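*Asks:* pasting the sequence and the predicted coordinates here, then a few questions.
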Amino acid sequence: MNLIVYIASTLTVFLILALLLAPIILRPSPAARRILDMVQSTRVDHRRVRNKERLQEMILSLATKMRTRFGFAEDEKLKQKLLSGGIKSSRSIDAYFASRLIGPLLGVMFGSFIRTNTIFWALSLAAVLYLLPDIWLRMKIKKRRERIRKSLPDALDLLVICVDAGLGLDQALLRVGQELAISHPEINQEFLQINLEQLAGKHRLAAWKSAAERTQVPEFSLFVTMLAQADRFGTPIVRALSRFGDEIRLKRRQRAEEKAAKTKIKILFPLVLFIFPTIFIVLLAPAILSIAHNMQAFK
């Protein structure tokens, strides 16, 4: 009993001394105090959180809780798709899950107001709204890849100029991205992401390969392969970039010629369905009306 009282009293004295000495021991250093004084602001925060932002935050929080409750872990393929579409928000997966969760519920609710074939319309709207986020994401990825493909020849020309002027490859990529930030923001985002990954400690080749996997553009993948081979074997980068730029422009010209050749076949369908009937009506209608009028004269 005396031992327990002794331990309890010793522990009590230790805790009292710890509480008394805590402000002195845990006091920030002079450098930390200077940094705290620099980042602190005495201005009054006049920002207001609107009801729309509160509703979005509530929906995303609910989606996060339901996703964790149901055991849906973060899908790497879905994350890669979102990155390919240029969506880099930390809550993008939760927003995607919330849209696919709320969409069918809204479809069932709106379908229930249709009195004829209620079950059919409810299930159809639920299925359409469930697939709509995936369709939107695929369209966004396709448009972004096309914009990156179109911006690559201009980026290569600027890269040749920058490297020929004496800049290193990493600095040239960053500079080209800054120059194309307005006309081609997608290629600027990719070059900036490569630079940030290298600053974070990622190897140059690994950063380039991750950009190729993220964009999934064949021309960009060939560009990354060319840079990797030039960096590995010591090939003059200006010559490699010039030749690759010529090949990219040749492929773009061939692709345009291919699309132009396909238009001759594609135009047949509207020509047969819409243009020819109109021409026949314009040319034959007066003759038919004249023949009908003359036939009435014989009666």
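*Replies:* Okay, I see it. Numbering: from 1, shown residues only.
*Asks:* drop to CA atoms for contacts and neighbour counts, all remaining ones
*Replies:* Fine.
*Asks:* phi, psi for Asn117 please.
*Replies:* Dihedral pair for Asn117: phi 50, psi 50, per degrees, to the nearest 10.
*Asks:* next SSE downstream of the helix or strand where Arg255 lies?
*Replies:* Per DSSP states H and E: Arg255 is located in helix 237-266. For helix 237-266, the following helix or strand on the C-terminal side (DSSP H and E) is helix 268-270.
*Asks:* who touches that following helix?
*Replies:* Applying CA atoms under 8 Å, 6 or more residues apart in numbering, helix 268-270 turns out to have no external contacts.
*Asks:* number of nearby residues for Ser151?
*Replies:* Around Ser151 there are 18 other residues, counting by other CA atoms under 10 Å.
*Asks:* look up how far Gln193 lies from the nearest residue to it once chain neighbours are set aside.
*Replies:* What sits nearest to Ser151 in space, not counting adjacent residues and going by CA to CA, 6 or more residues apart in numbering, is His184, at 6.2 Å. To Gln193, His184 is 15 Å away according to CA to CA, to the nearest Å.
*Asks:* the host helix or strand of Lys140 packs against which elements?
*Replies:* Assigned by DSSP H and E, Lys140 falls within helix 118-164. Counting contacts by 3 or more CA pairs under 8 Å, 6 or more residues apart in numbering; DSSP states H and E, helix 118-164 is packed against helix 76-84, helix 92-111, helix 169-179, helix 185-199, helix 218-233, helix 237-266.
*Asks:* now with 6 Å, please.
*Replies:* Where contact means 3 or more CA pairs under 6 Å, 6 or more residues apart in numbering; DSSP states H and E, helix 118-164 is packed against helix 92-111, helix 237-266.
*Asks:* buried deepest among those helices, which one?
*Replies:* Highest mean neighbour count of the helices and strands packed on helix 118-164: helix 92-111, a mean of 18 (counted as mean count of other CA atoms under 10 Å).
*Asks:* hey, C-alpha coordinates of it in PDB?
*Replies:* The C-alpha trace of helix 92-111 is given here as PDB (Å, rounded to 0.1, in the frame of the first residue of the first chain):
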ATOM      1  CA  SER A  92     -11.800  14.600 -57.900                       C
ATOM      2  CA  ILE A  93     -12.300  10.900 -57.100                       C
ATOM      3  CA  ASP A  94     -14.900  11.800 -54.500                       C
ATOM      4  CA  ALA A  95     -16.600  14.100 -56.900                       C
ATOM      5  CA  TYR A  96     -16.700  11.300 -59.600                       C
ATOM      6  CA  PHE A  97     -18.000   8.800 -57.000                       C
ATOM      7  CA  ALA A  98     -20.700  11.300 -55.900                       C
ATOM      8  CA  SER A  99     -21.800  12.000 -59.400                       C
ATOM      9  CA  ARG A 100     -22.200   8.300 -60.200                       C
ATOM     10  CA  LEU A 101     -24.000   7.800 -56.800                       C
ATOM     11  CA  ILE A 102     -26.400  10.800 -57.000                       C
ATOM     12  CA  GLY A 103     -27.100  10.500 -60.700                       C
ATOM     13  CA  PRO A 104     -29.100   7.300 -60.600                       C
ATOM     14  CA  LEU A 105     -31.000   8.500 -57.600                       C
ATOM     15  CA  LEU A 106     -32.000  11.600 -59.500                       C
ATOM     16  CA  GLY A 107     -32.900   9.500 -62.600                       C
ATOM     17  CA  VAL A 108     -35.200   7.300 -60.500                       C
ATOM     18  CA  MET A 109     -36.800  10.400 -58.900                       C
ATOM     19  CA  PHE A 110     -37.400  12.200 -62.200                       C
ATOM     20  CA  GLY A 111     -38.600   8.900 -63.900                       C
END
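*Asks:* re earlier: chain center to the helix holding Lys140, what's the gap?
*Replies:* Counting by CA atoms, centre = their mean, to the nearest Å, helix 118-164 is centred 8 Å from the centre of its parent chain.
*Asks:* quick one: average pLDDT of stretch 79-97?
*Replies:* For stretch 79-97, the mean per-residue pLDDT is 77.
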